[in-house]
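> build me a model from this:
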Amino acid sequence: MNDFYKDAQGLIGEAEGMDRRDFIKAPVGTSFAAAALPVVAQNVIKTDSAGLEAGVVTIKVAGTDVPVYRAQPAGKTGLPVVLVISEIFGVHEHIADVARRFAKEGYLALAPELFVRHGDVKNAPNVADLIKNIIANTPDSEVFADLDAVVAWAGKNGGDLNRLAITGFCWGGRITWMYAAHNPKIKAGVAWYGRLTGETHAVYPRHPVDVAASLKANILGLYGAKDQGIPLETIEQMKAALAKGSSKSEFVVYPNSGHAFHADYRPSYVAADAKDGWARALAWFKANGVV
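Numbers count the residues shown, from 1 in each chain. Below is the predicted model of the structure:
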């Protein structure tokens, strides 16, 4: 899984050179994933749950209980649905906050813990162990089955599946492209710095560049020009592959950002680009009939 190790090295590099006084260190098992620490406390966005129904629901998939963080406007039904797909750190506080942000915009937001069968991502001691022991053992086929079950649950619990969207970050950005190709119900997606190419094997038999021509949904790709793990030439490869199909997907590349520029709890956060990306994501979903 060399691609993931490149991402891990990028994360380590971003943290080096930062003043340790800028960070808080939360104990293992608290709101942020242990492998994501230290957290840049002063940047963390906190979205309250006033006016929302927010918390964990459990969906059984092939005998496994899959926890899903759910946030939605209280007492409302017929809601547009957005699947929120995490980074490698799982559904920790940052992803839950993103779900609440969508709920404040009128969505039924669902963030499933897609690594649940393979270990506790929140308490993995470091990035290398997390990747080796959990992420590298989570196949696309399993992820797709879990997301199919989450979509079915949404349709029975207040969601309008004619207005289904997906968004994801890093690992979840790649899944955004892949699941949109898998599920024709997806109307639109926003992929934040998800890998587009890579080696293929049993866990990842294809990558976004391989499914681009078959995409029907329109995906907005939000990427950083300084992302050392996702070379700009791979974005050009993806554009060329998309041109062979019917999807009207687009890219925005931020010249001053690297990887994980939306992650407000990490040193990689770029506030201006994160804010712009969020506004573009909401507008993209609106323009593509999700809201």
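> tell me where this protein has helices.
Secondary structure of the chain (DSSP state H): helices at 2-15, 93-104, 127-133, 140-156, 171-182, 208-211, 232-242, 271-287.
> please identify the deepest-packed of those helices.
Mean neighbours per residue, mean count of other CB atoms under 10 Å, is largest over these for helix 171-182, with a mean of 26. From N, CA and C alone the C-beta is placed, and that goes for glycine too.
> measure Pro184 to Leu161 for me?
11 Å (CB to CB, to the nearest Å).
> tell me which of the two has more neighbours.
Higher neighbour count among Pro184 and Leu161: Leu161, with 15 against 11, using other CB atoms under 10 Å.
> please report how far that one lies from Pro80.
Taking CB to CB, one finds Leu161 at 10 Å from Pro80.
> ditto for Val211
Val211 is 24 Å from Pro80, by CB to CB.
> would you format the helices of the chain as a markdown table with distance to Val68 included?
As requested, those are arranged in a markdown table below (distance: least, CB to CB, whole Å):
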| stretch | distance to Val68 |
| --- | --- |
| helix 2-15 | 24 |
| helix 93-104 | 10 |
| helix 127-133 | 21 |
| helix 140-156 | 6 |
| helix 171-182 | 14 |
| helix 208-211 | 24 |
| helix 232-242 | 29 |
| helix 271-287 | 20 |
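> can you lay out those as JSON lines showing mean pLDDT and distance to Ala165?
Formatted as JSON lines, these follow (pLDDT from 0 to 100; distance: least, CB to CB, whole Å):
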{"stretch": "helix 2-15", "mean pLDDT": "41", "distance to Ala165": "25"}
{"stretch": "helix 93-104", "mean pLDDT": "96", "distance to Ala165": "9"}
{"stretch": "helix 127-133", "mean pLDDT": "95", "distance to Ala165": "28"}
{"stretch": "helix 140-156", "mean pLDDT": "98", "distance to Ala165": "11"}
{"stretch": "helix 171-182", "mean pLDDT": "98", "distance to Ala165": "9"}
{"stretch": "helix 208-211", "mean pLDDT": "98", "distance to Ala165": "17"}
{"stretch": "helix 232-242", "mean pLDDT": "98", "distance to Ala165": "18"}
{"stretch": "helix 271-287", "mean pLDDT": "98", "distance to Ala165": "5"}
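> and Thr58, which of those is closest to it?
Closest approach to Thr58 among the helices of the chain is made by helix 140-156 (9.8 Å; CB to CB).
> angle of the closest one against helix 171-182?
In terms of direction (axes from the mean of the first three to the mean of the last three CA atoms, to 10 degrees), helix 140-156 departs from helix 171-182 by 70 degrees.
> per-residue pLDDT of the spatially most central residue of the chain, please?
Nearest to the mean C-alpha position of the chain, counting by CA atoms, centre = their mean, stands Gly168 at 2.1 Å. Confidence at Gly168, expressed as pLDDT, is 98.
> hang on, isn't it packed against Ile175?
Yes: look at Gly168 against Ile175 with CB atoms under 8 Å: they come within range, at 5.2 Å.
> now do the shared contacts for these two.
85, 194 (CB atoms under 8 Å, 6 or more residues apart in numbering).
> so what sits opposite Leu220 in the bridge?
Val190, Glu250 (DSSP bridges).
> in contact with it, which residues?
With contact taken as CB under 8 Å, 6+ apart, Leu220 is in contact with 188-191, 249-252, 280-281, 284.
> same thing with Tyr269?
Contacts of Tyr269 by CB under 8 Å, 6+ apart are 40, 43, 260-263.
> list buried residues within those.
40, 260-263 (16 or more other CB atoms under 10 Å).
> pick the one among those closest to Leu215.
Out of those, the member with the shortest distance to Leu215 (by CB to CB) is His262, at 22.5 Å.
> how close does the closest residue to Val211 other than its chain neighbours get to Arg100?
Counting by CB to CB, 6 or more residues apart in numbering, Val211 lies nearest to Ala181, which is 3.8 Å off, once chain neighbours are set aside. As for Ala181, its distance to Arg100 is 28 Å (criterion: CB to CB).
> can you map out the strands along the stretch 1-150 of the chain?
23-24, 39-40, 52-61, 64-73, 79-85, 108-112 (DSSP state E, counting those that start in this stretch).
> what's around the nearest residue to Asp227 once chain neighbours are set aside, how many residues?
Nearest residue to Asp227, sequence neighbours excluded (CB to CB, 6+ apart): His259, at 4.4 Å. Look at His259: counted by other CB under 10 Å, it has 26 neighbours.
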